[in-house]
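A predicted structure for the sequence below; I have some questions about it.
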Amino acid sequence: MFRGFAVKALCFVGYTVQYGCIAHCAFEYIGEFVSCSGPSMEPTITNHDVVFSEKISRHLYRIQKGDIVIAKSHFDPKMNICKRVIGLEGDKVCTSGPSDIFKTHTFVPRGHVWLEGDNLRNSTDSRSYGPIPYALIRGRVCLKVSKIQSRLTYSLKPEA
Amino acid sequence: AQAGFGRRYFKAFVSGFFVAVPMTVSVLDCLAYVARVDGASMQPSLNPEGGSSSDVVLLNRWSVRNYQVQRGDIVSILLIMPISPQVSLGLVHGRASHIIWPPRRWQRIVPSVPVDRRPLLNWDGETEDD
């Protein structure tokens, strides 16, 4: 009787490990749902919005200008940031504000991207901490889950 | 009988595939990784003989899952092109814990900082004298 129980427990552990590994691969290489907080991407993504971030583009190096990406924070790698890609490596980006008289520019170095939030007045992004390495990008936001009159619908490609 | 055996073999192969591939990928992502060291930038700790034989190290991914590294650790990082001397902590990929090839160099890698490369502050809470 104890042997039967031990066999069942072992099977349970085996299945848990197996499905845990499948889940890890799905979240790491296909995509996952992410809950965003903060005002830096308004009006595209507002506080407490849930978005779906797909990982395939990032692994195939197909992140393009204009994509909204989820990336590891440069200051705290356990935190994630959600911003729009304004410049890829080699691009020339404007670093001065719209009210400055003298415009300044910088080139995005190889292996880095330039991120900016859509809410320019209320966003800490590459304008303050510089370009971030491409390897810190975790995924590309492709869908936003929006609640309209208590029904869940999906809106495609949050555009600027 | 032939068709039955082929179908059973195919089912066994597919179910084994869906077990083996995710588990291998998860082990490589979360636990450990094996990598060959190229180049002379880490001499004499790694690759002390240069081009003739390259060391193979075991990279521990589990110990850096919370990005906790110590001074003196040998780590591998995801890097394409460095623009500044500082590297973001999020780029740390693994900590080299053991040298596993060639067999005569089997050893555990111990964190150590050479005396002339210590930071000027925050070393045991005392400052270095000039």
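Received, thanks. Numbering: from 1, shown residues only, chains lettered A, B, ... in the order given.

neighbouring strands for the longest strand along chain B, and are they parallel or not?
Criterion DSSP state E: the longest strand present in chain B is strand B:92-101. Partners of strand B:92-101 in the sheet, by DSSP bridges, are strand B:56-60 (antiparallel), strand B:75-77 (antiparallel), strand B:107-108 (antiparallel).

how about the second one: buried residues?
Neighbour-count burial for strand B:75-77, counted by 16 or more other C-beta atoms under 10 Å in any protein chain shown, picks out B:V75, B:S76. From N, CA and C alone the C-beta is placed, and that goes for glycine too.

what's that strand in contact with?
Contact with strand B:75-77 is made by B:A35, B:L59, B:V64, B:V69, B:V87, B:L91, B:V92, B:H93, B:G94, B:R95, B:A96, as judged by C-beta atoms under 8 Å, 6 or more residues apart in numbering or on different chains.

what about the fourth one, which SS state?
Here B:V69 is coil, with the state taken from DSSP: H, G, I helix; E, B strand; the rest coil.

what residues does it make contact with?
By C-beta under 8 Å, 6+ apart, the neighbours of B:V69 are B:V75, B:L89, B:V92, B:R95.

same check, this time on A:G20
B:S26.

do the same with B:L58
Per C-beta under 8 Å, 6+ apart, neighbours of B:L58: B:A32, B:Y33, B:V34, B:A96, B:S97, B:H98, B:I99, B:I100.

report the buried members of these.
The neighbour count (16+ other C-beta under 10 Å) marks B:A32, B:Y33, B:A96, B:S97, B:I99 as buried among the contacts of B:L58.

adding distance to B:P22 and pLDDT, write those residues out as JSON lines.
Shown next, in JSON lines, are the buried ones among the contacts of B:L58 (distance: C-beta to C-beta, whole Å; pLDDT from 0 to 100):
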{"residue": "B:A32", "distance to B:P22": "17", "pLDDT": "93"}
{"residue": "B:Y33", "distance to B:P22": "16", "pLDDT": "89"}
{"residue": "B:A96", "distance to B:P22": "26", "pLDDT": "94"}
{"residue": "B:S97", "distance to B:P22": "24", "pLDDT": "93"}
{"residue": "B:I99", "distance to B:P22": "29", "pLDDT": "93"}
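
nearest to B:G50 among the residues you listed?
Nearest to B:G50 out of the buried ones among the contacts of B:L58 is B:I99 (C-beta to C-beta; 15.6 Å).

ok, that closest one to chain A distance?
Look at B:I99 and chain A: by C-beta to the nearest C-beta, to the nearest Å, they are 25 Å apart.

give me the beta-bridge partners of that residue?
Residues in beta-bridge contact with B:I99 (DSSP bridges): B:V57, B:Q107.
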